[in-house]
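Q: I'll drop the sequence and a predicted model, then ask my questions.
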Amino acid sequence: MLDGILLEQNAVPAASIVTDVFEATARAMAERWGVPTYRFLMMPHPIANLSEAELDRRAREIAPEVVKLLFQGQD
């Protein structure tokens, strides 16, 4: 989250992704860093014990949302 916030504050598009159990923490961090409406993506928790193939599947599932988030408002 913080990396994404700092990148965005420096005009570098970013797409932060957190697992769902960290939603409240992510929102608190955005609030703390002065961007309470910072948009981020969530995926199911946990990811630490997933196989490479399972992680790849999750990445492919969320990729369209990452693209959408990165290109929002650039019309």
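A: Structure's in. What do you need? Since the structure is predicted, the reported quantities are computational estimates derived from the model, not experimental observations.
Q: switch to C-alpha atoms for all contacts and neighbour counts from now on
A: Noted.
Q: List the buried residues in the longest helix seen in the chain.
A: When the chain is scanned for its longest helix (criterion: DSSP state H), the result is helix 52-71. Buried residues in helix 52-71, counted by 16 or more other CA atoms under 10 Å: Val66, Leu69.
Q: Any regions of this structure where pLDDT drops low?
A: 73-75 (pLDDT under 70).
Q: who's in contact with stretch 23-40?
A: The contact list for stretch 23-40 (CA atoms under 8 Å, 6 or more residues apart in numbering) reads Met1, Leu2, Ile5, Ala15, Ser16, Ile17, Val18, Met42, Leu69.
Q: What segments of this protein are strands?
A: Counting by DSSP state E, the chain has strands at residues 17-19, 41-43.
Q: Regarding stretch 40-54, how distant is the last residue from the first?
A: 21 Å (CA to CA, to the nearest Å).
Q: Check what contacts stretch 6-17 and list those residues.
A: Looking at what lies outside stretch 6-17 - CA under 8 Å, 6+ apart - the contacts are Met1, Asp3, Gly4, Ile5, Arg39, Phe40, Leu41, Met42, Met43, Val66, Leu69, Leu70.
Q: which among these end up buried?
A: Met1, Gly4, Ile5, Arg39, Phe40, Leu41, Met42, Met43, Val66, Leu69.
Q: can you redo those residues as TSV with distance to Leu50?
A: Below are the buried ones among the contacts of stretch 6-17 laid out as TSV (distance: CA to CA, whole Å):
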residue	distance to Leu50
Met1	21
Gly4	24
Ile5	27
Arg39	25
Phe40	22
Leu41	19
Met42	16
Met43	13
Val66	20
Leu69	25
